[in-house]
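> After the sequence you'll find the predicted model.
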Amino acid sequence: MTSITGDSAQSRNLTGKILIAMPGMSDPRFERSVVLVCAHSDDGAMGLVLNRPLPEIGFSDLLDQLGIEAEEDARPIEVRFGGPVEPGRGFVLHKVAEHGQDPEGRLRIGQALAMTTTRDILVELAQGYGPDPAVLALGYAGWGPGQLETEMLANGWLTGDGAEDLIFDVSHDDKWQRALRAQGIDPSLLSAASGRA
């Protein structure tokens, strides 16, 4: 478990970490959510929710809307709610080689993880040869300068390491509990009324 207090909340870069919503999360859009932090700096933070599928929106439907023809061997890609900001914008979260040049439109999140926002990656996936594993998120979670740190200090979020099974697994019903257990926390012991010493 990672604890952020005082000045360390301002100086710690959380890129590549996960945020786990605490039971007292005041924003209902993030209740029991697990978020991958894709970028974090003094200018704010951006992340993608990992445990909110959008079953009513299929990958093939999105390809049709964009005029991209899916080949017969195209892999089914899960579509998720990435967050409330710009819900019409798509972000592909995927594995990458640990070394190499990142093309335009790709943001490296960790050594072997990236987020891509170009149409080209959707064409690759539709043709069956894009990155594997990969998921598509619509929208993102965004925080202004210092906003995420303030929410963390108010016990809104717990931080932890982002394991691949949390990022790409399509089993979402228990992902919040699994994220907590991965940090050594029993979800049944958490209370919405958390205090500070």
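It's in. As the structure is a prediction and not an experimental result, all values here were calculated from the model.
> any idea what sits nearest T118, other than its immediate chain neighbours?
Residue nearest to T118 in three dimensions, not counting chain neighbours: G105, with 3.6 Å by C-beta to C-beta, 6 or more residues apart in numbering. (Each C-beta comes from the backbone N, C-alpha and C, glycine too.)
> Show the backbone phi and psi for the one you found.
Reported as degrees, to the nearest 10, the phi and psi values for G105 are phi 90, psi 0.
> what sits up against the strand or helix carrying G142?
When secondary structure is defined by DSSP states H and E, G142 falls within strand 134-143. Defining contact as C-beta atoms under 8 Å, 6 or more residues apart in numbering, one finds that strand 134-143 is touched by 30, 35, 38, 44-49, 54, 57, 59, 62, 77-95, 121-122, 125, 151, 167-168.
> Now that we have these, which of them are buried?
When these are checked for burial by 16 or more other C-beta atoms under 10 Å, the buried set is 30, 35, 38, 45-49, 54, 59, 62, 77-83, 90-95, 121-122, 125, 151, 167-168.
> Which ones among those lie within helices?
When the buried ones among the contacts of strand 134-143 are checked against helices using DSSP state H, the ones located there are 59, 62, 121-122, 125, 151, 167-168.
> The residue nearest to T118 touches L122, doesn't it?
No - taking C-beta atoms under 8 Å as the contact criterion, G105 and L122 are not neighbours in contact, 11.1 Å apart.
> Show me what counts as buried in stretch 130-141.
Residues of stretch 130-141 classed as buried under the neighbour-count rule (16+ other C-beta under 10 Å) are 130-131, 134-141.
> could you dump the ones in helices among the buried ones among the contacts of strand 134-143 to CSV with pLDDT?
Putting those into CSV (pLDDT from 0 to 100) gives the following:
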residue, pLDDT
F59, 91
L62, 90
I121, 92
L122, 93
L125, 93
E151, 93
I167, 90
F168, 92
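> Dump the residues you listed to TSV, plus distance to D174.
As requested, these are arranged in TSV below (distance: C-beta to C-beta, whole Å):
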residue	distance to D174
F59	24
L62	27
I121	29
L122	30
L125	27
E151	24
I167	15
F168	15
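> List the contacts of the residue nearest the centre of the chain.
Nearest to the geometric centre of the chain sits L48, at 2.8 Å (C-alpha atoms, centre = their mean). Contact partners of L48, counting by C-beta under 8 Å, 6+ apart, are 35-36, 38, 80, 82-83, 91, 93, 115, 137, 140-141.
> hmm, 7 Å instead?
Contacts here follow C-beta atoms under 7 Å, 6 or more residues apart in numbering; on that basis L48 touches 35-36, 38, 82-83, 91, 93, 137, 140-141.
> I'd like the distance between it and P131.
Note on L48: its distance to P131, by C-beta to C-beta, to the nearest Å, is 15 Å.
> Check which helices and strands the helix or strand harbouring A179 sits against.
For A179, the host element (DSSP H and E) is helix 175-182. Secondary-structure packing of helix 175-182 (3 or more C-beta pairs under 7 Å, 6 or more residues apart in numbering; DSSP states H and E): strand 17-21, strand 34-41, helix 164-168.
> No further questions, thank you.
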